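J.: need coordinates for the following:
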Amino acid sequence: MRVSTPTITIAVLTVAGAGCGNPGEQELRGTSEVLRPALELYSQNKLDTALSLFQSAVAGHPGDADSHAWVAETARRLRQFGLVKEETEAALAIDPCNSFAHTVLGDAYRSELSGWKETDADQSWTHYMKAVECNPGDGNPWIGIWSGAMSQGDRAMEERALRQLVETDFLTPSVLAFNRWVLRSLPEDAILITNGDWDTFPALALQFVEATRGDVGIINRSLLNLPWYAELMSERHGVDLQMGVAERESFRPHREADGTVVTLSDAMIYGWIESGDVSGRPLVFSATVYMKGFQKSARIQFAGAHWRLSPEADTRDVDAASVRIAMEAVSGDNFSTPEVSQQDRSAIRRLAARNRGLARAVLHTGYRYAEALSQSGDVAAVAEAAEWAERFANDAGLEGDHRGVVERIKEMVQGAAR
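T.: Predicted structure coming up:
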């Protein structure tokens, strides 16, 4: 096993996302008995079946605004926009200040999220702002406000939205703990490319609320396809986009010979990879970013709270010293709380939280460490990794398949001793 100096880094981040009792799950706040069966399916992202049950709930309780809003939200995710409009109108006729219904409309009118032909940035903004006016404690619309504020160049509102995600407890302690762990592990002045919700909002919020690693530039890969966002990130973080305006405007997504689909954001990122950094800053990727194309010009090295890409590293290499530091810097107690808040209405985030995605990512740090050291026959170090994994899993309340990871590490101790 070699220790090499990386030129590029990839962070281990996952997208999080509910039930009762399980630290990875949480029942939606204000759930009524009639909605429970539908919400259970919704939290598993079984949207077609959930929609039918939500509609049954509406039929039995037509005066319940939230039931109508749940039909609308599920229909939005299924791209049934006629039903979205019908059900949000019904909800707002019952309760004109229904924050949930206004948030659904904010998301439906937002072009980055929606395939609706009626997308309208002004309408989206109006409904988001009405949602927080009606219910200041609802964190859901603040995600849309964050994006809208960036597109308008309103930095003050952008920062306010991120702060509200913390102050409304929308970002749970587990989510924040994971992002602190990752941010603190990154090289100085790194550019972090993210791909999903829980590797973007919490990290940005920590920068503003706790002044954690303000030197790290955070860029969302999906949003990088939007011209206004790419220009904003270039200006804000001083990065070269690798393409001129005309080249970006004429670019079309395409599939390469190996099946890799290259989007505009990917093309810019590949350029950064080829140069080895981003305008002199270390390049960092979250694990949620699809790696197939990125492996063309660099190899991966695992370093605990992040992955490193380096032309010098073997793909099976592990930086044992960095991994050990990462393991010592994290506690299972910080992941014993839910990975999704009571109010979060995202089916994707709730499904990910059921699987304890964040705690699992940390636990696998110990697994990779043990796997690498077992190959070198370091029995003592592998035994320490097994003890660490057992302690972390117990403190985090991990069960089921996660306990299987711990048992496999214990088996490595025996293998290393042979």
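J.: wait, V340 touches A353, no?
T.: Yes - shown here, V340 and A353 form a contact pair, counting by Cβ atoms under 8 Å, at 3.9 Å. Any C-beta I mention is one placed from the backbone N, CA and C, and that applies to glycine too.
J.: who's more crowded, these two?
T.: Higher neighbour count among V340 and A353: A353, with 32 against 28, using other Cβ atoms under 10 Å.
J.: any idea how far that one lies from N45?
T.: Distance, A353 to N45, by Cβ to Cβ, to the nearest Å: 12 Å.
J.: for the strand or helix carrying L192, which helices and strands make contact with it?
T.: Using DSSP states H and E, L192 maps to strand 191-194. For strand 191-194, the elements it packs on are strand 217-220, strand 283-286, judged by 3 or more Cβ pairs under 8 Å, 6 or more residues apart in numbering; DSSP states H and E.
J.: looking at these, which is buried most?
T.: Greatest average neighbour count among those goes to strand 283-286 (a mean of 27), per mean count of other Cβ atoms under 10 Å.
J.: give me the distance between it and the centre of its chain.
T.: In terms of Cα atoms, centre = their mean, to the nearest Å, the centre of strand 283-286 is found 14 Å from the chain centre.
J.: stretch 85-97 too?
T.: That offset, for stretch 85-97, works out to 30 Å (Cα atoms, centre = their mean).
J.: which of the residues in it are buried?
T.: By neighbour count with 16 or more other Cβ atoms under 10 Å, stretch 85-97 contains the buried residues 85, 87-88, 90-92, 94-95.
J.: could you dump those into CSV with secondary structure added?
T.: Below are these laid out as CSV (DSSP: H, G, I helix; E, B strand; the rest coil):
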residue, secondary structure
K85, helix
E87, helix
T88, helix
A90, helix
A91, helix
L92, helix
I94, helix
D95, coil
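J.: which one among the residues you listed gets closest to E40?
T.: Nearest to E40 among these: E87, at 20.2 Å, using Cβ to Cβ.
J.: what residues are up against the closest one?
T.: 58, 68-69, 71-72, 75 (Cβ atoms under 8 Å, 6 or more residues apart in numbering).
J.: quick one: those as CSV, columns for distance to D401 too.
T.: Below are those laid out as CSV (distance: Cβ to Cβ, whole Å):
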residue, distance to D401
V58, 37
H68, 38
A69, 34
V71, 34
A72, 35
A75, 33
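J.: if we only consider those, which is nearest to S151?
T.: Using Cβ to Cβ, the contacts of E87 come closest to S151 at A72, 23.9 Å.
J.: picking that back up, and the following helix or strand past the strand holding L192, what's buried?
T.: Using DSSP H and E, the helix or strand that follows strand 191-194 in sequence is helix 201-209. Of all the residues in helix 201-209, those buried under the rule 16+ other Cβ under 10 Å are 201-209.
J.: of the contacts of E87, closest to R184?
T.: A69 (39.0 Å).
J.: report how many residues lie close to that closest one.
T.: Neighbour number of A69 under other Cβ under 10 Å is 28.
J.: give me every residue that touches D169.
T.: 139, 341, 343.
J.: try it again at 7 Å.
T.: By Cβ atoms under 7 Å, 6 or more residues apart in numbering, D169 lies in contact with S341.
J.: how close does it sit to D215?
T.: Counting by Cβ to Cβ - D169 and D215 are separated by 27 Å.
J.: please consider this matter closed, and thank you.
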